[in-house]
Every structure is written in structure tokens, then in C-alpha cells.
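In: Predicted model and sequence follow; I will ask about them next.
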Amino acid sequence: MILVFGGATEGRKAVEVLEEAGSPYFYSTKTGEQDITLRYGQRTDGAMDSEAMKAFVREHEIQLMVDAAHPFASTLHDTIADVASEMQIPVIRYERIYPPRDKDITWIDDYSQVPTDIRSLLATTGVQSIGKLKWLESKGVKVVYRILNRESSMELARQQGATDEQLCFYEDETMPEADAILMKESGLSGGYVEKVEEAKAKGMRMIVIKRSQLLFSNIVNGPYGLRRSIERILPDFFPLHSGLTTGTCATAAAVAATIRLTKEETPSEVPVLLPNGETIAVAVGYGEGYAFCIKEAGDDPDVTNGIEVRASVEHSDGFEIKGGEGVGRFTLPGFDFPPGEAAINKGPREMIRENLQSILSPLTSHLSPLKVTISIPNGEKIAKKTFNPRLGIEGGISIIGVSGIVKPFSEEAFISSIRKCMEVAKASGTDRVVINSGGKSERYLKDRYPNLPQQAFVQYGNYIGETLKMADELQIPQVTLGVMLGKAVKLAEGHLDTHSRRSTMNKDFIQQMLQEANCQLSIVDSQLTLARELWEKIPKEKTEDFCRVIIQHCMRHCLLLVPHTELTLLLIDDDGTIHPQ
């Protein structure tokens, strides 16, 4: 069982991650005032001292604690660390992302260090800090406290000696006038950047209390890092495990190779900044003249799982990213780069660029002149088992990931692949795109449309609705939807995702369609288990009538998704006959 300490923004984010598992956990807050919905989690409110925390851990058999509390909840952080150490329980600290410290800001360690050479101060450090700042008033400083507009906060402010005239609220549209503003180093999610920008615009002196350095060994600063840490510590909590994209692997290898080239160090793990702003640790290794990262796909089915992604880095006249052995080449338009370029899309290139910049020149906007070459041994052979040939990527693997992390939901990855296929089909210049469920139906449809290029045929798997929406968004003029009977009877009933976990064959609805076709066949009480068995049961003279009814029902649902596209629907039987003829 997992115990999460929340109450702040990171607590909410931690809940989003844990809810994906569908497993029970506990969520603890001090006040119980945070508005949060838990489906699988059980809420427990009230502050815990060391003894209460240990008792809770023992009673509920807690195996892991996640500290996602506010960064300035120092007492709680210390208690969690002490209890975890004594009871030998692992802890993950969900930390915030912090911008670099601005040299134009006055940085202090605690409230006693607030400068007194100011006439007025706007304190945005929370209602509980009022008592710690009252001494400033005796020094002649006028202090205004910005707090949450709720009764409990106002009552606590009054208890500490604040008057109503000294209070303003975060909900107010304008910031009160003052010579200086006092803030906490609360990170991006704490509105720190917005406060700094507003203070600069008003010409206010900025005084910031530095965050404490937490004594946790396992620190993450985003949802992907949290999930991967939980997967490592409690492998059974999530039913499926996440993985890394080839883009993240290429970036990790490039970071490792750069560190070895510039610092003569060979760390076993390197930090990788993901597109969402968080940083994760990625395992790397080294060979003669290169560093490498082993691709892990998690539980998402992927033929690239276990491949070695290499990066070699050398000094050059300018910064460039190249594709080496096993990295494919674009041969068709529709990607971020023109035909002939290495199949490394914009997202991974930006990841590599930003990560190397953080190593080499974090305070400048330019990169040191380096040539980065990404290669994948056996990439050309492995690529034949992927979507690459269909996309017009030849000679190897493509590196086109966006998020940097593969979530273990194969449908997400599959839908992303469908979109890329549709974009390539659009870029090929064809007026008609033929969407189909798989290799068998596609072979029959290629005979129907022998003059269309390979890129015009796109497999939708089970995601008929998603694929049709893409066609309309991409303004493809004509779409042919090829469907076999098993998916057609589900589509006819309105199931735009035909996967068995979301829709099943409905005998009653099929019976209704048989009646509409004036077919006297009765199947409700029959042993019918597969829709394709209908081809043998329906009288030959009624086959076309039945196909016509199915197609009408399917079109009724599909046309709503493609208002700007001409749609043709073809029903395919087991021997390849296409209806209508």
C-alpha cells in the first residue's frame, strides 16, 4: 500500500498518476480543505506527528511513502524522512520544477533576514508566516499580507495580529502597491514566475526565501518520474509498466557521450529533460567512441524493445544532429524534415539540443559546436517489422517520439501511428485514402484500387471513429472505409471503437437487421459465436439485402464524423468479395 502526503499542487498531480493504476492507496492532507476527487484512493486528514505516522504505517502495512507536500512544509518533510529511516520504508519526494535563481533578487534563508531599509512590504508567504513577520512593523515597515480568501485563513491571520486593513487576497485582480514583495521560492507550479513578472512590472524590490534542501535520495519532479519510480519500487502496483521512446534513448546517449567528451566522466545514469519540463534519470553505457542507451518499451508491445541506441559526439564547426547506421531516411513529404533527411523528427532533435545546452552552456542561448550522430545497430532489419515502410521511411528505425515516455497503453501509441500514416497519405498527394482493419482486408482493397500508392492504405485496427475524425481534420477529399463483418455488426450499432473490451456482438441487434432485410433467419437462440458465421447461415438470395442494411447503419454513424469528406463504405466477406459490387 502507498501513502501519499499531499495538499499542494504536486499532491493533485500524484493522485492523477496513482489513479492510472486502479490500485488502492491512501492520500493524506493536514487540513482536509483541498478539493480533490479520489476514485481508488482513500483520504485521511489531519496532521501526523512521528508517532501517529508510524502507527498509520504499521496499521495499513504501508510499503512506500510519497512526499508530495508543499516544499516549505519542513516539519512534515523531516517527520517523513525520520519515520521512513526508522521503519526502513522507501520514500519518493515529488519536488517542484524551479527556475534558475535570478541575480537581481534578494535571496534570504529565513524571515529574520528580511531587509528593513524599505517602507512597505507585500508578503505573499502564506497566512502562517504572519506571526514571523510582525517584528517588521516595530521597525516602521508597513506590511500587507496576501492570503487565500477563505474564513479559516482570515481567522488564523487575525489570531496572529493582522488587521483587516493589512489583508488582501490572491483572488484580487490587482497586486497592492508596495516598495517590496516577499515571496517563497515556490517553483513553477506555485506561481513563482508570475509573481516575479508582476513585481518587475511594478518596479518592486523582490525578496525571496530560499527553499530548504531536502534529504531524500529519490527525488522526482514530474508525473513520468513518479510513475517510473513507483514501478521500480512496487512493480505490482501498476498492472502495466511505462517505457522510454527512442527519442529519450537517443537523448540519454547523446548526453552521456557529451559528458564523456567534455568532462571525461562516464556516469551510469544521466539526467534527461523531457518535453513536459521534468527531468528523469536514464541508464546508459559506453563503447569505443560512443555512448548507448537500451530501449525499454515497458509493457507496450514494441519491436524496438531492447534495441541499443548509440550516440557519438565530436567537436565540429557548428551544432548538428546526424543519423548514422540503422537510422532511416525520409523518402516522402509529411514529416518535420524533407525527403533525404535522417528520420529524426523535430521533437527528439529539440530534446537533444536542449539537454546538451543545459550541460554545455546553460546561461547562453547558443550551443557549443558539436556533431551528434545517432545510430542503431540492426536498425534496418528491425525497421521492416514497424510502420516505417508504410510511412516511406527507409533504411532503418525512425526517431519521432513526442512525449519522451511510452505510456503502457498500446492504443495511445497505435492511434499516434494511425495519425502519422494519415498525414503521410495526405502528403503523398492522393485524393483517396483507403482505411482498413488489417493486412487481410487491405490485400482485397488493393485489388479494388490498384492505382493507389502504398501510402494511401491506412490500417485503423479497431479505431474506426478516431481514424475517420483524422481524415476530416486533414481535409482528405475521399475516404474508403473497408470493414469485415465482425467489426461491421458492431459499427452498425454505433460502436466506433470495435475492440472486444469496449463492444461485443449483439445478437438482438443483428436479428433486427436481418428483419429489416426481410430475412427469416433466427439467431437469437442459436450457437452463433462469430459474426462471420452469418455468411454461411444467411440464404444466398438475401445476402445483398443484409449487406445493404448493415452498410446503411454503418454509414449513419460514420457520416457524422466526416462532414467534409466523401465517404465510401465497403463490406468485405471472408473470401474477399466486396459488397456492394
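Out: Good, I have the coordinates.

In: Tell me where the stretch 451-581 of the chain is predicted with low confidence.
Out: For the stretch 451-581 of the chain, the stretches with pLDDT under 70 are 500-501, 527, 529, 581.

In: could you show me where the helices are in it, in order?
Out: Taking DSSP state H, counting those that start in this stretch as the criterion, the stretch 451-581 of the chain carries its helices at 464-473, 485-492, 507-516, 534-537, 543-558.

In: tell me the angle the first one makes with helix 543-558.
Out: Note on geometry: by axes from the mean of the first three to the mean of the last three C-alpha atoms, to 10 degrees, helix 464-473 and helix 543-558 are set 60 degrees apart in direction.

In: Who are the packing partners of helix 464-473?
Out: Applying 3 or more C-beta pairs under 8 Å, 6 or more residues apart in numbering; DSSP states H and E, one finds that helix 464-473 contacts helix 410-427, strand 432-436, strand 478-484. C-betas here are computed from N, CA, C, even on glycine.

In: What are the contacting residues of that helix?
Out: Helix 464-473 is contacted from outside by 415, 418-419, 422, 433, 435, 458, 460, 479, 481, 483, 487, 491, 496-498, 558, 561-565, 567, using C-beta atoms under 8 Å, 6 or more residues apart in numbering.

In: residues of that helix that come out buried?
Out: Neighbour-count burial for helix 464-473 flags Ile464, Gly465, Glu466, Thr467, Leu468, Lys469, Met470, Ala471 (criterion: 16 or more other C-beta atoms under 10 Å).

In: of all those, which comes closest to Asp575?
Out: Closest approach between the buried residues of helix 464-473 and Asp575, by C-beta to C-beta: Ile464, at 22.6 Å.

In: Tell me how far Gln42 lies from Ile2.
Out: As judged by C-beta to C-beta, to the nearest Å, Gln42 and Ile2 stand 11 Å apart.

In: Which one's more surrounded, the two?
Out: Neighbour count, other C-beta atoms under 10 Å: between Gln42 and Ile2, Ile2 has more, with 23 against 12.

In: quick one, what contacts the more buried one?
Out: Residues counted as contacts of Ile2 (C-beta under 8 Å, 6+ apart) are Leu18, Tyr25, Phe26, Ile62, Gln63, Leu64, Met65, Val66, Ile230, Leu234, Phe237.

In: how many other residues sit next to the residue lying closest to the third one once chain neighbours are set aside?
Out: Once its chain neighbours are removed from consideration, Phe26 has its nearest residue in Leu3; the separation is 4.7 Å (C-beta to C-beta, 6 or more residues apart in numbering). Burial of Leu3 is recorded as 23 neighbouring residues (other C-beta under 10 Å).

In: what's the distance between Leu3 and Gly32?
Out: Where Gly32 is concerned, Leu3 sits at a distance of 16 Å (C-beta to C-beta).

In: just Ile92 next, same as before
Out: 23 Å.

In: got it, and Tyr94?
Out: Tyr94 is 20 Å from Gly32, where distance means C-beta to C-beta.

In: Please apply the same query to Gly576.
Out: Distance of Gly576 to Gly32, computed by C-beta to C-beta: 64 Å.

In: can you confirm Ala311 is in a strand?
Out: Yes - looking at Ala311 with DSSP: H, G, I helix; E, B strand; the rest coil, it is inside a strand.

In: show me the contacts for it.
Out: Ala311 is in contact with Ala250, Ala253, Ala254, Ala256, Ala257, Tyr290, Ala291, Phe292, Val372, Thr373, Ile374, Ser375, counting by C-beta under 8 Å, 6+ apart.

In: Next up, phi/psi of Ile294, please.
Out: Ile294 has phi and psi values of phi -90, psi 120 when expressed as degrees, to the nearest 10.

In: out of everything not next to it in sequence, what's closest to it?
Out: Here the residue nearest Ile294, using C-beta to C-beta, 6+ apart, is Glu308, at 5.9 Å.

In: what's the burial count for that neighbour?
Out: Applying other C-beta under 10 Å, we find 19 residues neighbouring Glu308.

In: Thought Ile374 was touching it, still the case?
Out: No - shown here, Glu308 and Ile374 do not form a contact pair, counting by C-beta atoms under 8 Å, at 11.4 Å.

In: before we move on, the earlier item: could I get the buried residues of helix 464-473 as a markdown table with distance to Thr174?
Out: Listed next are the buried residues of helix 464-473 as a markdown table, based on distance: C-beta to C-beta, whole Å:
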| residue | distance to Thr174 |
| --- | --- |
| Ile464 | 52 |
| Gly465 | 47 |
| Glu466 | 45 |
| Thr467 | 49 |
| Leu468 | 48 |
| Lys469 | 43 |
| Met470 | 45 |
| Ala471 | 48 |
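
In: Nearest to Arg349, out of the residues you listed: which one, please.
Out: Closest to Arg349, out of all of these and judged by C-beta to C-beta, is Met470, at 24.6 Å.

In: quick one: the closest one from Gln455, how far?
Out: For Met470, the distance to Gln455 (C-beta to C-beta) stands at 14 Å.

In: Please apply the same query to Leu560.
Out: Leu560 is 27 Å from Gln455, by C-beta to C-beta.

In: for the buried residues of helix 464-473, which one is nearest Glu536?
Out: Among the buried residues of helix 464-473, Ile464 lies closest to Glu536 (C-beta to C-beta), at 25.3 Å.

In: Around the closest residue to Glu296 other than its chain neighbours, count how many other residues there are.
Out: If the residues on either side of it in the chain are set aside, Glu296 comes closest to Gly243, at 4.8 Å by C-beta to C-beta, 6+ apart. Gly243: 22 surrounding residues under other C-beta under 10 Å.

In: circling back: now render the contacts of Ala311 as TSV, adding distance to Val270 and neighbour count.
Out: Formatted as TSV, the contacts of Ala311 follow (distance: C-beta to C-beta, whole Å; neighbours: other C-beta atoms under 10 Å):
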residue	distance to Val270	neighbour count
Ala250	12	32
Ala253	9	30
Ala254	9	32
Ala256	5	28
Ala257	10	28
Tyr290	14	20
Ala291	9	26
Phe292	12	24
Val372	14	25
Thr373	18	20
Ile374	15	31
Ser375	18	22
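
In: can I get the residues you listed in CSV with distance to Lys540 and pLDDT?
Out: Listed next are these as CSV, based on distance: C-beta to C-beta, whole Å; pLDDT from 0 to 100:
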residue, distance to Lys540, pLDDT
Ala250, 57, 91
Ala253, 62, 94
Ala254, 64, 93
Ala256, 67, 94
Ala257, 67, 92
Tyr290, 65, 91
Ala291, 66, 94
Phe292, 61, 93
Val372, 65, 90
Thr373, 63, 93
Ile374, 58, 92
Ser375, 59, 92
